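K.L.:
task: produce atomic coordinates for the following.
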Amino acid sequence: MSKSESSAVFSTITCLLLMATGFLMASFSIPYSFVPYLLAILAGGWKQTWEGTQELVHDKRLNVDLLMALAAIGACIIGHWFEGAMLTFIFCLSGALEEYTTNKSTREISSLMALQPTTALKMIESGELVEVPVEALQLKDTIMVAKGSAIPIDGIVIQGTSSVDEAAISGESIPVEKRLGSEVFGGTINLGQPLYIEVTQTSENTRFAKIIQLVEEAQQMPSQTATLIEKIERIYVPIVLIAVPLMIVLCTFFTNWGFQESFYRGMVLLVVASPCALVASATPATLAAISHAARLGVLCKGGQALDAFANVKAIAFDKTGTLTRGKPAVTDVHLLLDEPFIPQLIVGMEKQSNHPLAEAILAYFHDEKPLELAVEEQAGVGLATTYQAAHWTIGKEVDLTSVAVSEQTRIQELKAAGKTLIYINRDRVLAGYLALLDQPRPEARESLAYFNKQGIHTTMLTGDHLGTAKVIAAEIGLSDYESDCLPDEKTTRIKEMKETYQINAMVGDGINDAPALATASVGIAMGEGTDVAMDVADIVLMKNDLLRLVDSHRLAKKLQRIIKQNIVFSISVILLLIASNFLEFLTLPLGVVGHEGSTILVILNGLRMLLPLHKETPQQAKPTRKDCDDCVLYQQSLHT
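P.N.:
From the prediction side, this is the model:
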């Protein structure tokens, strides 16, 4: 419990005990029973009164804290000491509850900060390990992380294999396997064997540090609804302060109430007309929503992003790295020669290449033992070698004149499906071919189905050619797609979409997506994308999981519903209490209970944003051979 939270609880309890003491003294006709009531008012109301006075002096602005202080003073003036003390107690209780809500919303960030290590084991030139502050680490330094220890900084594994818990970064509870060349992040936990890591980021630039910074900044950015309510408060409070004395004067002279009754009704009006519940309608719920999103591995840079995302009418997606894995995979293998060594020959040649397609081919043939070959990389041809007195090449060039018509037809069909073909030739005669495709993310279809069901227009903007775009769009269920888009053309499409749909979103991960992300009503970046994309985005999915985007939309819609409920409820209660006051059957104690009770209910309703979503997204199961005949996803799952 924080210091401010403890102080609020202490004031509330003290106020309650003093109020109870005064009530007992009055019940047994003990003299000076007003003294405990007065002390209760002072104990419970001094903080809010002081803050309200400071705001009045420095900002020249009235707020609800002063309204409550004046109402308590007014109740005491007309001899209603118990009502004044009860008003102060319930107001103090609602303040303590709001303090708890705020602290609860920021506690997730505090717990993250507690996970951030302050020291690291650095390897010096002699090979010894020396404990140093994390801030002292520099790029290219080597550190060792023992089993069960937190990884202190971002880097790349240079020795060792282990499982790492990345829940603090991605929100994903399943550990991630790390091996040579794998990227690791500060603040995550090494669950397995020791890892030796080369530092790639300074301590202030780690992904973990950025998460903390982004969420702390988000909590300082109110939603549009909260800003509107604050503007209403600035106008509404002075109106109430003018209306109360005016009502007392008018009712004294133009009704049969008399001054005593008119003053009493004025104090009731001062209590029930105060917009405490309305003021608390948005901010606590928004803070709770930002905290919930952070727990899911989603960073929302302020309540305005959630406001806009709840009302989004169209979403545009980049393809590579967003809707697809960003890495090609082998989908088809056709060998025209019945030679068992060909897969081994392919692996022996491709392992000597740095081409991105080579990694995908090696992943597919990972069980094959490579042949030891002398491989030459020839410009315009690909890889070439000599084996068993034959000249072998692997590349994109092939002579199809001597190939059977059925094979030519199959090759054209694969090309029409947007796939990249790699040919294996023996002495310039086709011996086989591989088809590769940047595969859609497993969760892409489910995510798009959700948005389509919500009536949100989905489209893909990609720089890839038409054939690939068409196949991907059909496979995952996009409403629309556009191919061959340059970065400036993506931005133009986003502007046009905004004019058509008013509120739109763009989801991307690359530098080329940054202008479009900044142009959209809501920019959403994939967390494994470029720093530029994450900097300009309004929402960041720390794990490249589109189902987190679905969770974010559900969270935004839930927040919108709760805020609307709070606003309607608080205004209805105010109107009902004001009407009851003029009809003369509302007493000051009932007015206090009704007004402050509605504030407490509004805050509690906002706290529901911390609860799990009703429809949590199911985890994606790893594919099996039975699930995919071409074994592509199965092969990839073995490596992830």
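
K.L.:
for Val271, give me its contacts.
P.N.:
Met68, Ala71, Leu87, Leu588, Gly591, Val592, His595 (C-beta atoms under 8 Å, 6 or more residues apart in numbering). Glycine gets a C-beta too; all of them are placed from N, C-alpha and C.

K.L.:
let me know the closest of those to Ala209.
P.N.:
Checking those against Ala209 by C-beta to C-beta gives Met68 as the nearest, at 40.8 Å.

K.L.:
about what we covered before: now for the contacts of Val271, which pair is the farthest apart?
P.N.:
Using C-beta to C-beta, the contacts of Val271 span at most 13.0 Å, a distance reached by Met68 and Leu588.

K.L.:
quick one: common contacting residues for the two?
P.N.:
The contact sets of Met68 and Leu588 overlap at Leu87, Val271 (C-beta under 8 Å, 6+ apart).

K.L.:
have a look at these two and say which one is more surrounded.
P.N.:
Neighbour count, other C-beta atoms under 10 Å: between Met68 and Leu588, Met68 has more, with 28 against 25.

K.L.:
just the element for the more buried one, please.
P.N.:
Following DSSP states H and E, the helix or strand that holds Met68 is helix 64-77.

K.L.:
average pLDDT across that helix?
P.N.:
Helix 64-77 carries an average pLDDT of 81.

K.L.:
any idea which of the contacts of Val271 is closest to Val145?
P.N.:
Nearest to Val145 among these, counting by C-beta to C-beta, is Met68 at 53.4 Å.

K.L.:
hmm, back to that, list the buried residues of the helix holding Met68.
P.N.:
Burial within helix 64-77, assessed by neighbour count using 16 or more other C-beta atoms under 10 Å, is assigned to Val64, Asp65, Leu66, Leu67, Met68, Ala69, Leu70, Ala71, Ala72, Gly74, Ala75, Cys76.

K.L.:
which residue ranges make up the domains of this structure?
P.N.:
With automatic domain parsing as the criterion, the domains of the chain are listed as 3-109+219-255+263-287+557-610, 119-203, 299-324+441-556, 331-361+368-437.

K.L.:
and of those, who's closest to Ala293?
P.N.:
domain 299-324+441-556 (5.0 Å).

K.L.:
return the residues in contact with Ala280.
P.N.:
Residues counted as contacts of Ala280 (C-beta under 8 Å, 6+ apart) are Ser94, Glu98, Asn566, Ser570, Thr599, Val602, Ile603, Gly606.

K.L.:
which SS class is the last one?
P.N.:
Gly606 falls in the helix class when you classify it by DSSP: H, G, I helix; E, B strand; the rest coil.

K.L.:
gap between it and Glu230?
P.N.:
According to C-beta to C-beta, to the nearest Å, Gly606 stands 16 Å off from Glu230.

K.L.:
sorry, back to before: nearest to Leu555 among the contacts of Ala280?
P.N.:
Among the contacts of Ala280, Gly606 lies closest to Leu555 (C-beta to C-beta), at 13.3 Å.

K.L.:
pretty sure that closest one sits against Val279.
P.N.:
No: at 11.8 Å, Gly606 does not count as touching Val279 under the criterion of C-beta atoms under 8 Å.

K.L.:
more crowded one of these two?
P.N.:
Neighbours were counted for Gly606 and for Val279 using other C-beta under 10 Å; Gly606 has more, 28 against 22.
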